[in-house]
Structures are given as structure tokens and as C-alpha cells.
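Student: What shape does this take:
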Amino acid sequence: QPRLLTQRLVETPSPLKVVFLVVRPEIRAVVEASRQGAVDVLELPCKAASLEQAIEHAFNESMRAQHGVSRCLAARQKLARLSASECEVVDLMLSGMANKNIASSLRISLRTVESRRKEIFVKLETRNLALIFTMIQDANRAPQDQLRIDSASTIAPHTSLRPMSNHDGRLHPHQQSYRA
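Tutor: Just a heads-up that it's a prediction; the model follows:
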């Protein structure tokens, strides 16, 4: 039952890609299989070369998807190490603020900003702000749904593509969907 199989594939998140083999393909079924993630639908009987090519394509797509999932999870694990106050500093760093302006905005000393910034780079294992930006983009990628990392080090569903903000327009660290 192709319909049951596609439904199970959608319900079970996996980076594996599928090739459907059908005796008499109906256009509606082919479109549905494609929507559900099939990389190819072949009509039986088919040539061995076509099947081999379809399987190779599915394998390559599966490997690419697995790599993306791995990057996403690794980035989330690193970002989950940050405290709420470090998240605030990261947000302001990425908005282009200088340390002095970050200190003023958060009403903390310049030395505290420098200390948090140093700790951010240590925890995220980088010395490059561009890599932090990339890490945040990777963490916000999710193949099945949009996810966010909150400052309590958990992953929670995020239904909006717009980041949540507090009354002054800045992202609140406890509701933060990292933005780039």
C-alpha cells in the first residue's frame, strides 16, 4: 500500500530518501509520493540502469540530509551551553553592536561584556563571529518542523518564522529563536 507507506515515512522523521516502484502509476499517487519525500517513482518493469540511477540519487540525497541533521544537532548542542545572559550578548553581537554599546544596552560593565564574550567563544569552540552566525543558522534548520533553542537548553517547537520579541523589540533570551 503506497499510501500507507508514505504516511508512515512522513510520521517517522528520517533522513532516508525513498524510490517508489509501481506497476501502474497514477498521476495523483506519483504527485503524493513526491510531496511526501520520494526522490523518484519508477514504473515496473523498469530498466536496471534506471533503477540503479534512482537508488544512487536516493542514497546521495539521504547522505546530504543526514549531514544536515548532524550539523543541526551539533549546533544545537553547542548553543545550549550558553546561559541566558550570554544569549543576550550573542544577540547584540550579531546585530553589530560594539562591546561598549552592548554594556550600555544591558546595563552591565564593559568588563562583564568582555568576560561573557570570551566565555561565548570558549563554549561555542570558535573565535569567529561569522561561524557563530552560521552555527545559529544550522541550529534553526529542521527537516520536519521549525525548532528553536531556548536558554533552558531544551529544544521546543516554534510555529512562527518570526522571532519572538519583548516590548522594546529585542529578542528575549528565554523565548529566543536565534536570528541571523
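
Student: So which residue is smack in the middle of this structure?
Tutor: R141 (1.5 Å; C-alpha atoms, centre = their mean).

Student: any idea how far M135 is from the nearest residue to that residue once chain neighbours are set aside?
Tutor: Sequence neighbours aside, C72 is the residue nearest to R141 in space, at 5.0 Å (criterion: C-beta to C-beta, 6 or more residues apart in numbering). C-beta: built from backbone N, CA, C; applies to glycine. Look at C72 and M135: by C-beta to C-beta, to the nearest Å, they are 10 Å apart.

Student: picking that back up, looking at the residue nearest to the centre of the chain now. What's its pLDDT?
Tutor: As predicted, R141 sits at a pLDDT of 77.

Student: residues contacting it?
Tutor: R141 sits next to G68, R71, C72 when contact means C-beta atoms under 8 Å, 6 or more residues apart in numbering.

Student: So which residues of this structure form helices?
Tutor: 2-11, 27-35, 48-79, 84-94, 99-106, 110-123, 129-139 (DSSP state H).

Student: Of these, flag the one that's most buried.
Tutor: Most buried of those, by mean neighbour count (mean count of other C-beta atoms under 10 Å): helix 84-94, with a mean of 20.

Student: For that helix, name the packing helices and strands.
Tutor: Judged by 3 or more C-beta pairs under 8 Å, 6 or more residues apart in numbering; DSSP states H and E, helix 84-94 is in contact with helix 99-106, helix 110-123, helix 129-139.

Student: That helix versus helix 110-123: what angle between them?
Tutor: 90 degrees (axes from the mean of the first three to the mean of the last three C-alpha atoms, to 10 degrees).

Student: tell me the mean pLDDT over helix 84-94?
Tutor: 94.

Student: quick check: angle from that helix to helix 99-106?
Tutor: 130 degrees.

Student: Check the offset of helix 84-94 from the chain's centre.
Tutor: 19 Å (C-alpha atoms, centre = their mean, to the nearest Å).

Student: Kindly report the same for stretch 30-41.
Tutor: 23 Å.
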